[in-house]
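Visitor: Predicted structure and sequence below. I'll ask about it afterward.
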Amino acid sequence: MARAKSEITKQKILKAALSAFKKQGYSSTSMDMIRDESGVSKATLYNYFPSKEELFLDVMMYEMEQQHGAPLFDLFEKHELSVALKIMAKQMITVSYSKNIIATRRMLVANASNKNLGQLCYEKGPKLGERMMCAVFQKAMNDGILMKAEPRVVEAHFRALVDAEFSQIFTFDLENIITAEWIEAATERAVDVLMRAYKI
């Protein structure tokens with residue numbers, strides 16, 4: 001019961017913080033504003049989130065999970081490599097280029113001068129994903145599916161190929177409509193190129 005109440009309070013803070021960050025931007029949002037919007041005490045707020053940086057990062061993770069669920073790393077145990085990579089690639093694009101996540105990513109870019117924030121964001125999100133994908137590629141090499149190579153390089157190539165057809169939309173704030181058909185075709189092309197490069 002106590003755990004459920006604790007989770008409800010945390011969700012309340014995250015929702016309030018997300019709203020505040022979207023309205024005011026990261027720099028202009030204070031912990032006091034988030035406290036007021038969430039309706040919790042200052043002590044409660046800092047008990048859950050010791051700093052604004054940590055709260056912002058949890059908001060980013062919360063937004064991604066609310067929009068699209070948890071990462072699908074377990075699918076590599078259920079499908080052959082190329083199929084699993086295509087499913088993963090679709091999720092990556094769908095998550096990264098959804099309206100809400102683009103807005104959240106822009107907040108992070110807008111505060112790029114805050115090196116601590118960028119480092120914390122990398123440690124909490126992308127670094128974990130990269131590490132898990134490196135393990136996936138290492139296993140594929142051990143199983144004789146992919147040629148021997150540096151897993152981190154293969155992971156970087158996979159990430160770059162998946163994003164290749166879409167990156168300018170974020171960089172230049174283009175209004176291209178990303179359709180399910182485009183995502184399907186683009187991920188097919190990305191994984192096909194990767195497999196041509198590394199498959200034995």
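Guide: Sure thing, it's come through. Predicted model, so just to flag it, every value in this text is computed and none were measured.
Visitor: Measure how buried Pro151 is and give me the count.
Guide: Residues lying near Pro151 (other CB atoms under 10 Å) number 20. In this view, the C-beta of every residue, glycine as well, is placed from N, C-alpha and C.
Visitor: Ala190 now?
Guide: Other residues within reach of Ala190 by the criterion other CB under 10 Å amount to 24.
Visitor: Domain parsing of the chain, as residue ranges.
Guide: With automatic domain parsing serving as the domain definition, the record reports that the chain contains domains spanning 2-50, 69-198.
Visitor: Looking at those, spot the one closest to Met61.
Guide: domain 69-198 (6.6 Å; CB to CB).
Visitor: just the strands in the protein please.
Guide: Applying DSSP state E to the chain gives no strands.
Visitor: any weak-confidence spans in it?
Guide: 1-4, 67-72 (pLDDT under 70).
Visitor: what's the longest helix in it?
Guide: Within the chain, and with DSSP state H defining each element, the longest helix by residue count is helix 2-24.
Visitor: ok so, going back, could you export the domains of the chain as TSV, including distance to Glu63?
Guide: Listed next are those as TSV, based on distance: least, CB to CB, whole Å:
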stretch	distance to Glu63
domain 2-50	6
domain 69-198	5
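Visitor: So which of those is nearest Met60?
Guide: Of the domains of the chain, nearest to Met60 by CB to CB is domain 69-198, at 5.4 Å.
Visitor: okay but Ala140 is in contact with Leu81, surely?
Guide: Yes. Checked against CB atoms under 8 Å, the pair Ala140 and Leu81 is within contact range at 5.3 Å.
Visitor: So between these two, which is more surrounded?
Guide: Higher neighbour count among Ala140 and Leu81: Ala140, with 23 against 20, using other CB under 10 Å.
Visitor: Quick one: residues contacting that one.
Guide: With contact set as CB atoms under 8 Å, 6 or more residues apart in numbering, Ala140 has these partners: 81, 146.
Visitor: With Ala89 instead?
Guide: Going by CB under 8 Å, 6+ apart, Ala89 touches 158, 162, 187, 190-191.
Visitor: count of residues packed around His157?
Guide: Residues within reach of His157, counting by other CB under 10 Å, total 17.
Visitor: Find the nearest non-adjacent residue to it, please.
Guide: Closest residue to His157 apart from its sequence neighbours, by CB to CB, 6 or more residues apart in numbering: Leu194 at 6.2 Å.
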